[in-house]
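Asks: using only what follows, build the 3D model:
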Amino acid sequence: MHALPRLILLSCLALLAPARTQAQAPSAYQPPSPRSDGWDVADAGRAGWKLERFAALETAIARGDFPGVTSVLVVQDGHLLYERYFNGGGPEVLNDTRSATKSVTALLVGAAIDRGLIPDARARVYDLFRDLAPWQHDGARKRAITVEDLLTMSSAWDCDDDNPFSSGNEERMYVSENWTRFALDLPLRGYAPWVKRPEDSPHGRTFSYCTAGSFLLGALVERASGKPLREFAGEALEGPLGITQAQWNRSSEGVGMGGGGTRYRSRDLAKLGQLVVNEGTWRGKRVLSAGWIRQALTVHAQAREDADYGYQFWRFRFGGDGREQAAWAMSGNGGNYVFMVPERKLVAVITRTSYNQRDVHPQSQRMFGDYLLTAMP
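Replies: Residues are numbered from 1 along each chain as shown. You can find the predicted model right below:
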């Protein structure tokens, strides 16, 4: 190859390569600033946290190890003690947390049950959409699907977002005219020889990640409450937490999108995590029943070899050498997370914009496990 064409080729490849931020020294730790949003703040250094681990994380972010990070917040014992913004993030930015919305929808289902609008998690889904009958692929197996089946991603539907051939793959739903009808009309799944049946699976459930099920949970809350999902969320959850800004999406037929895309400020995401850690209370006031939070943070299905699943909440395991630490999490595309360790009264928020990129979820989990957990007293 002649020198000039080779030089042009190398220049083009350099332009196509992902940009890596120039490494910079982290700024000195500063405690979060008090604001009139309900958060008490504290000095992490005085609380015994290893500030050098925060500095190491900031260096790694500046170096480009974790692209697209916009905020990292840490709360312990109800006090916000670390708050940093990067790459255009800020305290007033509404973060698109994608599927972290699913966990919020699970909290709203609990709020509806607390109010007697939905009988309980064992309620049969199709009984609650009776007026939309008939449905395609009807039968006893379909009519037996419960709210808990949708909450645990283990319904009998052929619905798997990780399988492009699945009838219920979310991309098919997004282009349909009526998402509610799309979900209700889904066919039932079969079991290939290499797929475990529910009776052979841990916890008696076969997990498959299904956004259509999460969406239908939001639709169910709308029907039960008689209010748009955004409005019910404001009354039952966001208002009591002092969350004054949020953005909810809607389906093509106008139903609130309980499966993804809700936008919250980082401090407000931390409030949602704190509500869970506090078993349903915020600043001493009851918002959700403790029983519902305990159900939501109970392992109901094995999602993967390295992860379990509750009611739209993930459970990951960190560490080793006999010092394993389990953490629950709200998780969304792009590497967005709200991690919760109730027994250590810990909440950590990581927001990112690395949507549809490989390895961002393991990256965010490393941020939490290798830096934030190791910073604890």
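Asks: can you give me the domain assignment for the chain?
Replies: Domain assignment of the chain by automatic domain parsing yields the ranges 24-96+265-377, 98-261.
Asks: next, give phi and psi for the residue nearest to Ser201 when sequence neighbours are not counted.
Replies: Of all residues not flanking Ser201 in the chain, Gln302 sits nearest, at 6.8 Å (C-beta to C-beta, 6 or more residues apart in numbering). Placement of C-beta: from N, CA and C, glycine included. Backbone torsions of Gln302, given as degrees, to the nearest 10, read phi -100, psi 120.
Asks: please name the residues that touch Gln302.
Replies: Contact analysis of Gln302 by C-beta atoms under 8 Å, 6 or more residues apart in numbering lists Ser201, Pro202, His203, Phe207, Asp308, Tyr309.
Asks: what about it, distance to His203?
Replies: Relative to His203, Gln302 is positioned 6 Å away (C-beta to C-beta, to the nearest Å).
Asks: and for Ala111?
Replies: 25 Å.
Asks: Leu107 now?
Replies: 22 Å.
Asks: and for Val93?
Replies: 38 Å.
Asks: hey, where'd the strands end up in the protein?
Replies: Assigned by DSSP state E, the strands in the chain fall at 40-41, 69-76, 79-85, 95-96, 263-264, 281-282, 285-286, 301-304, 307-309, 314-318, 325-332, 336-341, 346-352.
Asks: neighbour count: Ala111 and His203, which is higher?
Replies: Ala111 (24 against 16; other C-beta atoms under 10 Å).
Asks: need the contact list for that one.
Replies: Applying C-beta under 8 Å, 6+ apart, the residues contacting Ala111 are Phe232, Ala236, Leu237, Val287, Leu288.
Asks: let's see 6 Å
Replies: Ala111 is in contact with Ala236, Leu288, counting by C-beta atoms under 6 Å, 6 or more residues apart in numbering.
Asks: and the gap between it and Lys102?
Replies: Distance from Ala111 to Lys102, by C-beta to C-beta: 15 Å.
Asks: buried ones among the contacts of Gln302?
Replies: Among those, those classed as buried by 16 or more other C-beta atoms under 10 Å are His203, Phe207, Asp308, Tyr309.
Asks: can I get those residues in JSON lines including pLDDT and distance to Trp282?
Replies: Output for the buried ones among the contacts of Gln302, formatted as JSON lines (pLDDT from 0 to 100; distance: C-beta to C-beta, whole Å):
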{"residue": "His203", "pLDDT": "94", "distance to Trp282": "30"}
{"residue": "Phe207", "pLDDT": "97", "distance to Trp282": "31"}
{"residue": "Asp308", "pLDDT": "98", "distance to Trp282": "26"}
{"residue": "Tyr309", "pLDDT": "98", "distance to Trp282": "25"}
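Asks: which one among these gets closest to Ala60?
Replies: Using C-beta to C-beta, Asp308 is the member of those that lies nearest Ala60, at 27.8 Å.
Asks: residues in contact with the closest one?
Replies: Contacts of Asp308 by C-beta under 6 Å, 6+ apart are Val299, Gln302, Arg315.
Asks: mind listing the residues bridging to it?
Replies: Gln302, Arg315 (DSSP bridges).
Asks: ok, Ala28 - how many residues close by?
Replies: Residues near Ala28, counting by other C-beta under 10 Å: 7.
Asks: bridged to the nearest residue to Lys142 once chain neighbours are set aside, which residues?
Replies: Nearest residue to Lys142 in three dimensions, chain neighbours excluded: Leu188, at 6.1 Å (C-beta to C-beta, 6+ apart). Per DSSP bridges, residues listed as beta-bridge partners of Leu188: Trp157.
Asks: which pLDDT value belongs to Leu188?
Replies: pLDDT, Leu188: 97.
Asks: give me phi/psi at Asn87?
Replies: The phi/psi pair for Asn87 (degrees, to the nearest 10) is phi 50, psi 50.
Asks: list the contacts for the residue lying closest to it once chain neighbours are set aside?
Replies: Excluding the flanking residues, the one nearest Asn87 by C-beta to C-beta, 6+ apart is Thr70, at 5.4 Å. If you count contacts by C-beta under 6 Å, 6+ apart, Thr70 has them with Phe86, Asn87, Gly89, Thr351.
Asks: any idea which of those has the most stuff around it?
Replies: Going by other C-beta under 10 Å, Thr351 tops these with 30 neighbours.
Asks: for that residue, give the beta-bridge partners.
Replies: Ser71.
Asks: could you measure from it over to Trp282?
Replies: To Trp282, Thr351 is 21 Å away according to C-beta to C-beta.
Asks: low-confidence regions, the protein specifically.
Replies: The model of the chain has pLDDT under 70 over residues 1-25, 320-322.
Asks: switch to 90 and redo it
Replies: Low-confidence segments of the chain (pLDDT under 90): 1-27, 194-196, 319-324.
Asks: center of it - which residue?
Replies: Ala100 (2.2 Å; C-alpha atoms, centre = their mean).
Asks: that one contacts Asn336, correct?
Replies: Yes - in this structure, Ala100 is within contact of Asn336 by C-beta atoms under 6 Å, at 5.4 Å.
Asks: got the end-to-end distance for stretch 190-197?
Replies: From its first residue to its last, stretch 190-197 covers 9 Å (C-alpha to C-alpha, to the nearest Å).
Asks: and the strands of the chain: which comes nearest Gly254?
Replies: Here strand 263-264 is closest among the strands of the chain (C-beta to C-beta), at 18.6 Å.
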